[in-house]
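K.L.:
following is a predicted model, sequence given first.
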Amino acid sequence: MRYMLLYYLVVNVIAFFMYALDKSRAVHHKWRITERALLLIAIIGGAIGALLGMIWFRHKTLHLQFRVIVPVFMMLHGAIILYLLAKAI
């Protein structure tokens, strides 16, 4: 259970920084991280970090698929995290 929570922490930090990096590269017209990779990190557990990255960096907020998929998976993974925390207590 501890490892699962650590996994969520790490994957969310990675997701946040992926969105930061992609935004920076977009501003500087450089090679970008694919939308598929940005969505995948959210789906595998980084949705909270992805949503925070979207809001903080104002990135991908106009794309419908990001506005739908990321919050849906954030709620799903948030529920899993709450369950794991409740079970640990």
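P.N.:
Okay, I see it.
K.L.:
check the contact between Met18 and Ala42; I expect there is one.
P.N.:
No: in this structure, Met18 is not within contact of Ala42 by Cβ atoms under 8 Å, at 9.6 Å. (Each C-beta comes from the backbone N, C-alpha and C, glycine too.)
K.L.:
now the common contact residues for these two.
P.N.:
Ala50 (Cβ atoms under 8 Å, 6 or more residues apart in numbering).
K.L.:
all helices of this structure, in order?
P.N.:
2-27, 35-41, 47-57, 64-88 (DSSP state H).
K.L.:
which of these is buried the deepest?
P.N.:
helix 47-57 (a mean of 21; mean count of other Cβ atoms under 10 Å).
K.L.:
packing partners for that helix?
P.N.:
helix 2-27, helix 35-41, helix 64-88 (3 or more Cβ pairs under 8 Å, 6 or more residues apart in numbering; DSSP states H and E).
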